[in-house]
Structure formats: C-alpha cells, structure tokens
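With the sequence up front, the predicted model follows.
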Amino acid sequence: MARLGDIYTDLGLYYMFRVLLRDAEDVRRFFRSVCILLVPVAAFMVLEKLMGNNAYALLFGDSGEVASRMGHFRARGPFAHPITAGTVGALSLPMALYLFQSKSRAALAGLVASVAIIISSGASGPVMTAVSILFAMSIWKVHRHVITIRRTALLLLVLFELIMRDPVYYLIARIDITGGSTSYYRAALIESAIDHLNEWWLVGTDVTSHWATTQMGDQTDITNHYIQMAVWGGLPLLLLFVAGLWAAFSCVGSMLRAHANTWPGERLLIWTLGSMLFGHAVTFFAISYFDQANIIFIYGILAIVATRYSCLVIEMEGIRHEETTLHAHNAMSEFDGVR
C-alpha cells in the first residue's frame, strides 16, 4: 500500500505541474515564487544553525532537537533531514541564476536564500549538488560543444577506472567537504548492491539489512535513489527510471537544437531546465528522495520539460502544416497557369 501511495503522489504531482505550468511565463513565475518562499525558510534555518532550536518543528508540535556533527548544528528547517533541506537549496540555485537575466529582485533573494540553506544544512551532498549545477550553468556560453565535453568526461571516467585500484564509483568516497561525511558508505553501498544483484534484479527485495552496517529494521540506509528504485522494483523499475531521465535529457537537447536561432531567453530557460535535471541526476548518487519537497522538485522539473517539449512539437507541426498548405497552393497556381 505504501508503494501505491508513492505512485499516486508522484503521478499526481507530475499531472499538477503539467496542468498549471503551460508556457514559459508560467515557469518564470514559478521560479520567482520559489525564490521568494525560500527567504523565510533560509532565515529560520540560519537561526537554527546558530541557536540550535528548530522553530518549524516546535511550531508544528515536533521535536525541536537539532542534529549536530563535529560540534556544529545541522539545520533542517521544515524538511525531514538536513541533507534534503540543503538539497532543496542547491536545486533552487539555477532558478535564481536564470532570473538574473530579467534583473528581478527575486533573483538576488533566491540566490542568497539558497546559499544560506546549503550552508545551514552542514552537509557535503548539497554542496556537491550546487557545484554540479553551477558547472552545468557555467558552460552555457560553450553549450554548442557539449557533446565534446560529454565525451571527454566519459573518457576520464574510463581512464580513472583503468588506473584506480577500486571501482571508479569510489571517487565518491573521496568527497568530504564539511567533515565527518559518510561518502565512503555511499560508495560501499553501490558495491554492495552490485554484489547482491541476484537478490533484487527481478522484482526488488524487502531485506537489505545485510548489505551494510547501517540498519533500519530489515533495511539498510539506502542513500542512493538509483539503488532505492532497484530495491523497490528490481531492474525493470531501475531501467524505467533511468530511461525517464534519459528521455528528459533528450527532450532538452531537441529543444536546444530547434531553438538554435531563436530568442536567447528561451534557449537559456531550456538550458536551465537541463542543468536542474543534471543536478538531480548527480544528487541521486548521494541521497534517496524520501522528503516530499525533493519529490516535488524532480517530478515538477520532469513535467516542465515535457510541457515545453510538447509545445515545441505542436509548434513544429503547425509550421509543417503551413509549409504544406503553401506548397499545395503554389502547385495549384502553377497548374492553373499552365492550363
């Protein structure tokens, strides 16, 4: 029943965003709203980081206890965990950066709020999410060479695989920005999932407690959304999930090529959507999306990409129809002239 509830939530969110965000102005308005709403969240999370009291939790009758690491508080605000809180801040960065082109005051507010949330969370994962998104946004000026960049990155991964003693995904274990990070556990979890492939490949598994030392009942702590998909539904669900992401990236690429000679603002919006997708794809290696805020962000961005792509398809079909009609009209005119 829990999985049915998840499916209902995911599909419902996707449908809601498809219905409400119909054009580019709707998307920009959504970006502005998120940037503004993050301001009070960031303010209270900074206070939580400094004072060690979660005002949001106390307001709604939850425990106000604040997590700490290495003697520093890790704020979570209204979210389920400091990592998911910081991830929301990181995933909001491209929204603020995009709004700067229109000189919107919401852009500066969103940028400051996003950075404040990331720092207040005290987690390495959100920092890496922000770095990956900023990298994707920074190559906007050379986006025509993105295929070369992608091939170079793939070549580097192959090179690392050849020269490293451990598998290439153990590069994750070397990331520790805030101190006390569990990045090695995340890398070991990938290896453990591969080692136990026979247990989950068909329809998933209900027992993963023997995969790692961090246990929660019959399950270990699945800090990887790709592995979470595998645990829930085996290879079929994992491949379907990856195929959905691949389709979204393909739509972004198709829209960029179709708008190669159109208004730069439209192309920048498409590139921003692609950068947000890239941020999600990277973050999936670090956390499993169990917080509703993160789920809203991923299915919201997928719905926005799908809507923008469907608008492009309708526009291209209209152009082809007009060209066909014009060609037929010219052909009839030539025929009448000859007759």
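Yes, it's here.

Below-threshold pLDDT in the stretch 101-250 of the chain: ranges please.
178-180, 213-217 (pLDDT under 70).

could you pull out the helices for it?
105-121, 124-138, 146-163, 183-195, 197-200, 225-258 (DSSP state H, counting those that start in this stretch).

of the ones you listed, which approaches residue 4 most closely?
Closest approach to residue 4 among the helices of the stretch 101-250 of the chain (C-beta to C-beta): helix 225-258, 11.8 Å. Heads up, the C-betas are built off the backbone N, CA and C, glycines and all.

between that closest one and helix 183-195, how many degrees?
Counting by axes from the mean of the first three to the mean of the last three C-alpha atoms, to 10 degrees, helix 225-258 lies at 90 degrees to helix 183-195.

ok so, going back, redo the helices of the stretch 101-250 of the chain as CSV? Include distance to residue 7 and mean neighbour count.
Shown next, in CSV, are these (distance: least, C-beta to C-beta, whole Å; neighbours: other C-beta atoms under 10 Å):
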stretch, distance to residue 7, mean neighbour count
helix 105-121, 29, 22
helix 124-138, 26, 21
helix 146-163, 32, 11
helix 183-195, 23, 18
helix 197-200, 19, 14
helix 225-258, 10, 17
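
Pipe those helices into JSON lines and attach distance to residue 58 per row.
Output for these, formatted as JSON lines (distance: least, C-beta to C-beta, whole Å):
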{"stretch": "helix 105-121", "distance to residue 58": "17"}
{"stretch": "helix 124-138", "distance to residue 58": "24"}
{"stretch": "helix 146-163", "distance to residue 58": "45"}
{"stretch": "helix 183-195", "distance to residue 58": "31"}
{"stretch": "helix 197-200", "distance to residue 58": "40"}
{"stretch": "helix 225-258", "distance to residue 58": "30"}
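
For residue 94, find the nearest of those helices.
It is, among these and with distance given as C-beta to C-beta, helix 124-138, at 5.5 Å.

what packs against the closest one?
If contacts are counted by 3 or more C-beta pairs under 8 Å, 6 or more residues apart in numbering; DSSP states H and E, helix 124-138 sits against helix 82-99, helix 105-121, helix 264-283.

Dump the C-alpha coordinates for it into CSV.
Extracted as CSV, the C-alpha positions of helix 124-138 are listed here (Å, rounded to 0.1, in the frame of the first residue of the first chain):
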residue,chain,number,x,y,z
SER,A,124,28.5,17.7,1.8
GLY,A,125,25.8,16.3,-0.5
PRO,A,126,24.0,19.7,-1.1
VAL,A,127,27.4,21.4,-1.8
MET,A,128,28.2,18.8,-4.5
THR,A,129,24.7,19.3,-5.9
ALA,A,130,25.3,23.0,-6.1
VAL,A,131,28.8,22.5,-7.7
SER,A,132,27.4,20.2,-10.3
ILE,A,133,24.6,22.6,-11.2
LEU,A,134,26.9,25.6,-11.3
PHE,A,135,29.2,23.7,-13.6
ALA,A,136,26.3,22.9,-15.9
MET,A,137,25.1,26.5,-15.9
SER,A,138,28.7,27.8,-16.4
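
Phi first, then psi, for residue 67.
Main-chain dihedrals, residue 67, degrees, to the nearest 10: phi -70, psi 150.

who's in contact with it?
By C-beta atoms under 8 Å, 6 or more residues apart in numbering, residue 67 lies in contact with 73, 74, 76, 82.

For beta bridges, what are the partners of it?
residue 74 (DSSP bridges).

looking at this, residue 78 is in a strand?
No - according to DSSP: H, G, I helix; E, B strand; the rest coil, residue 78 belongs to no strand; its state is coil.

For it, which non-adjacent residue is closest in space?
residue 56 (4.3 Å; C-beta to C-beta, 6 or more residues apart in numbering).

For residue 54, grab the count of nearby residues.
24 (other C-beta atoms under 10 Å).

show me what contacts it?
48, 62, 64, 65, 66, 75, 76, 77.

now residue 183
124, 172, 173, 174, 175, 176.

just the buried members of those?
124, 172, 173, 175 (16 or more other C-beta atoms under 10 Å).
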